[in-house]
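Visitor: Okay, here's the prediction I keep looking at, along with the sequence it came from:
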Amino acid sequence: MTSPLSGSTLVSIAIEAGAAILPFYDPNGQDARTKGDGSPVTAADEAAEAIILKRLAEHGVTAVIAEESVAAGHIPEVGEEFWLVDPLDGTKDFISGSGEFTVNIARIVGGRPVAGVVLCPALDEVYWADETGAHHARIEGGAVAGARRISVATPGAALKVVASKSHLTDETKEFIDRFEVDSFLSFGSSLKFCRVADGTAHLYPRMGRTMEWDTAAGHAVLKAAGGEVYTLDGAPLAYGKTETPTGAYANPHFVAAAAFDPFALAKAS
């Protein structure tokens with residue numbers, strides 16, 4: 001097992017990758033072209049992933065499952081410990097100009113996310129998790145500013161629920177209807193996990209297709225902040241799933257929650 005990278009090292013790698021994305025980003029929005037066609041989002045993905053893989057390799061990390069590499073057919077064999085990388089999560093937010101796209105890097109040990117970083121380069125925000133806990137900071141001049149520990153909020157009778165802007169399925173809506181909802185928040189990309197982690201929201205259900213690199217870094221932050229991500233049978237979401245009904249490294253439906261049992265609360269409401 002390799003020595004774990006410090007949270008500050010992970011943040012530095014993510015900041016460098018985020019800086020590589022921004023020249024391709026237009027806050028006024030872009031033509032709605034998809035990845036794989038030579039569009040700005042494709043170029044941004046590839047530029048960020050190249051930096052992340054290079055920097056991880058410099059620290060002896062080579063067991064990496066990265067979105068663009070997987071799309072190109074490069075899937076390394078991994079063991080007990082490996083890393084998951086999504087260089088640009090939130091394609092629709094990148095194209096629309098909302099700014100809510102993220103850089104995601106996570107370390108997995110024994111199927112669980114034990115460290116990770118979620119950087120939002122357009123909004124100058126970063127969240128990270130390591131052995132010291134979960135943290136949030138601003139990015140000013142390419143450096144971390146105002147770092148603080150974060151933790152989940154204890155919900156009252158009604159929940160603050162966060163869900164996807166782009167992937168709000170009927171099944172997700174039906175799940176949310178099982179709770180008393182105080183407010184409904186909408187964020188893009190892996191920021192949804194982070195908003196639960198910092199107490200902005202209490203619950204994030206996702207009944208739709210996601211991949212492990214989409215969720216691992218945000219899951220690491222939420223777990224370090226006192227929350228958890230569950231499959232619909234109540235088990236913690238695991239990583240390293242090479243064989244699933246929908247393909248290698250695909251996630252089942254899940255529910256991210258603060259420090260409470262969302263299934264027990266749903267049954268009681």
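Guide: Right, received. Where do you want to start?
Visitor: all strands in the stretch 151-269 of the chain, in order from the N-terminus.
Guide: For the stretch 151-269 of the chain, the strands defined by DSSP state E, counting those that start in this stretch occupy 159-164, 181-187, 203-206, 210-211, 228-231, 250-251, 254-257.
Visitor: And the stretch 1-150 of the chain, by the same measure?
Guide: Going by DSSP E, counting those that start in this stretch, the stretch 1-150 of the chain shows strands at 64-66, 81-89, 102-109, 112-120, 125-130, 133-140, 143-149.
Visitor: Mean neighbour count and mean pLDDT for these - can I get that in a markdown table?
Guide: Quick note: C-beta positions are derived from backbone N, CA and C, even for glycine. Shown next, in a markdown table, are these (neighbours: other Cβ atoms under 10 Å; pLDDT from 0 to 100):
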| stretch | mean neighbour count | mean pLDDT |
| --- | --- | --- |
| strand 64-66 | 24 | 95 |
| strand 81-89 | 26 | 96 |
| strand 102-109 | 28 | 98 |
| strand 112-120 | 26 | 98 |
| strand 125-130 | 26 | 98 |
| strand 133-140 | 18 | 98 |
| strand 143-149 | 12 | 98 |
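Visitor: still on that earlier bit, just the strands of the stretch 151-269 of the chain: most buried one?
Guide: Neighbour counts (mean count of other Cβ atoms under 10 Å) averaged over each of these peak at strand 203-206, with a mean of 26.
Visitor: Would you mind pulling up the elements that that one packs against?
Guide: Judged by 3 or more Cβ pairs under 8 Å, 6 or more residues apart in numbering; DSSP states H and E, strand 203-206 is in contact with strand 159-164, helix 170-176, helix 191-197, strand 254-257.
Visitor: Which among those is found nearest to Thr9?
Guide: Distance to Thr9, taken as Cβ to Cβ, is lowest for helix 191-197 among the helices and strands packed on strand 203-206, at 19.4 Å.
Visitor: quick revisit: the strands of the stretch 151-269 of the chain: which one's closest to Asp130?
Guide: Among these, strand 228-231 comes nearest to Asp130, with 17.6 Å by Cβ to Cβ.
Visitor: rewinding a little: dump the strands of the stretch 1-150 of the chain to CSV, plus distance to Cys194.
Guide: Formatted as CSV, the strands of the stretch 1-150 of the chain follow (distance: least, Cβ to Cβ, whole Å):
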stretch, distance to Cys194
strand 64-66, 21
strand 81-89, 12
strand 102-109, 9
strand 112-120, 6
strand 125-130, 4
strand 133-140, 7
strand 143-149, 13
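Visitor: what's the closest of the ones you listed to Phe254?
Guide: Of the strands of the stretch 1-150 of the chain, nearest to Phe254 by Cβ to Cβ is strand 112-120, at 12.7 Å.
Visitor: Using CSV, write down the CA coordinates of that closest one.
Guide: Taking Å, rounded to 0.1, in the frame of the first residue of the first chain, the C-alpha atoms of strand 112-120 are listed here in CSV:
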residue,chain,number,x,y,z
ARG,A,112,-14.4,2.6,1.1
PRO,A,113,-13.4,6.2,0.3
VAL,A,114,-10.9,7.3,2.9
ALA,A,115,-9.6,10.6,1.4
GLY,A,116,-10.6,12.9,-1.4
VAL,A,117,-10.9,16.4,-2.8
VAL,A,118,-13.7,18.2,-4.6
LEU,A,119,-12.6,21.5,-6.3
CYS,A,120,-15.0,23.9,-8.0
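Visitor: what's the closest non-adjacent residue to Pro27?
Guide: Gly97 (4.7 Å; Cβ to Cβ, 6 or more residues apart in numbering).
Visitor: my guess is the one you found meets Pro40, correct?
Guide: No - counting by Cβ atoms under 8 Å, Pro40 is not a contact partner of Gly97; they are 11.5 Å apart.
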